[in-house]
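> Sequence and predicted structure, then a few things I'm wondering about:
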Amino acid sequence: MHCIRDNFNKIVTILKEILGEEFPVNGNLLRPGPKPKFTDIEVLALSLTAECMGIDSENYLFAKINSTYKGSFPHMISRRQYNDRRKSLFTWQEQIRDRLAKKLNALNDVFAIDSMPLEICKLARMERNKMGKDSHFDAPDKGYCASQNKWYFGYKLHCVCSPVGVISSLDLSKASIHDIQYLKDTSLKLDNCLIIGDKGYLSKPVKEKLWKENRINLETPMRSNQKENTKLPYQLRRIRKRIETVFSQLCDQFMMQRNYAKSFPGYKTRILAKISGMTILQFINKFIRQTPIGQVKYSLKYG
């Protein structure tokens, strides 16, 4: 569990399997020119290894590699190069996460949808925030989290999750964006399925539109003052609770709420790496260890 090189090798093997025929012989996905000795696949694998082992500080990671594991990574690049290349590989990392999720969610047609607040700094410091200042679209803002009954400054993570706890799709938005806005976008990725949400997704026009265009059945609890106020069946409520468990795992094991990034590209890369790390551990549980998919804490203890 604590050997970075052993875990790194395991994850490199899985990445090669997932990419299949698209995996280049030299391991570099982006560079048409001279090929670096520390390949793009190794950059992605090191990022995922760190997240899977709970190492979310790059300063600690590189200090550990340069001291204890210097001989195990003879072609190791600098921290700056690692950061730059990891951000440039964002699209490939999302493709890998998506392929893992599709294998884990095969034949599944029931999903839960929810959002989670991502605070990047306290409200008292939001005027001094510099993240996303160069683009209004990428800039964080102030939003309200009803479940925690608090205002915060940052972003909102939107996720669609299967009953087994695998995140099928995700997106980041400003904190002030209402949950229903992301639900409108899910129709581009899903069809012929059941989606279960909380009261934040209650909208009759959106429900009718999803069913008409994509055959998506949206189920949400009713408000207490509605005439047709009926309680969701226990099985549906249980599925919806599963996504809350996933959010708790992301916060506790993968330290989702910590923010060391200085720019939005760096921040979204870190968020994706954490979710991808969790997905690859779920993949290990199901296809390698044959253990319950949600028990990701000790997934790397095999072989």
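Good, I have the coordinates. Numbering: from 1, shown residues only.
> make it CA atoms for all contacts and neighbour counts henceforth
OK.
> what mean pLDDT does stretch 121-130 have?
Mean pLDDT, stretch 121-130: 92.
> Convert it to CSV, retaining C-alpha atoms only.
Only the C-alpha atoms of stretch 121-130 are listed here, as CSV (Å, rounded to 0.1, in the frame of the first residue of the first chain):
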residue,chain,number,x,y,z
CYS,A,121,-11.4,29.9,0.3
LYS,A,122,-13.3,31.5,3.2
LEU,A,123,-15.9,34.2,2.4
ALA,A,124,-13.7,36.8,4.2
ARG,A,125,-10.9,36.2,1.6
MET,A,126,-13.0,35.9,-1.5
GLU,A,127,-12.1,39.5,-2.6
ARG,A,128,-8.4,38.5,-2.7
ASN,A,129,-9.0,35.4,-4.7
LYS,A,130,-7.0,35.3,-8.0
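> I would like the residues contacting that stretch, please.
Tyr152, Phe153, Gly154, Lys262, Ser263 (C-alpha atoms under 8 Å, 6 or more residues apart in numbering).
> Look up phi and psi at the nearest residue in space to the fourth one that is not next to it in sequence.
Once flanking residues are discounted, Lys262 sits nearest to Met131: 6.0 Å by C-alpha to C-alpha, 6 or more residues apart in numbering. With angles defined as degrees, to the nearest 10, Met131 sits at phi -70, psi 130.
> what about the helices in the stretch 201-303 of the chain?
204-214, 234-252, 264-284 (DSSP state H, counting those that start in this stretch).
> Which of those has the highest mean neighbour count?
Compared across the helices of the stretch 201-303 of the chain, helix 264-284 shows the largest average neighbour count, a mean of 22 (mean count of other C-alpha atoms under 10 Å).
> Please export the C-alpha coordinates of that helix as CSV.
The C-alpha coordinates for helix 264-284 follow below in CSV (Å, rounded to 0.1, in the frame of the first residue of the first chain):
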residue,chain,number,x,y,z
PHE,A,264,-8.6,27.0,-12.7
PRO,A,265,-6.9,24.6,-15.1
GLY,A,266,-4.8,23.3,-12.2
TYR,A,267,-7.9,23.1,-10.0
LYS,A,268,-10.1,21.2,-12.4
THR,A,269,-7.2,18.8,-13.1
ARG,A,270,-6.8,18.0,-9.4
ILE,A,271,-10.6,17.4,-9.1
LEU,A,272,-10.6,15.1,-12.1
ALA,A,273,-7.6,13.2,-10.8
LYS,A,274,-9.3,12.5,-7.5
ILE,A,275,-12.4,11.2,-9.1
SER,A,276,-10.4,9.2,-11.6
GLY,A,277,-8.3,7.8,-8.8
MET,A,278,-11.5,6.6,-7.0
THR,A,279,-12.8,5.1,-10.3
ILE,A,280,-9.6,3.1,-10.9
LEU,A,281,-9.8,1.7,-7.4
GLN,A,282,-13.3,0.6,-8.0
PHE,A,283,-12.1,-1.0,-11.2
ILE,A,284,-9.4,-2.9,-9.3
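> angle of that helix against helix 234-252?
120 degrees (axes from the mean of the first three to the mean of the last three C-alpha atoms, to 10 degrees).
> for helix 264-284, packing partners?
helix 40-52, helix 79-88, helix 90-104, strand 167-174, helix 234-252 (3 or more C-alpha pairs under 8 Å, 6 or more residues apart in numbering; DSSP states H and E).
> can you put the helices of the stretch 201-303 of the chain in CSV and add distance to Ile65?
Putting the helices of the stretch 201-303 of the chain into CSV (distance: least, C-alpha to C-alpha, whole Å) gives the following:
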stretch, distance to Ile65
helix 204-214, 49
helix 234-252, 24
helix 264-284, 19
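> Can you convert those into CSV and add a column each for mean pLDDT?
Shown next, in CSV, are these (pLDDT from 0 to 100):
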stretch, mean pLDDT
helix 204-214, 91
helix 234-252, 94
helix 264-284, 97
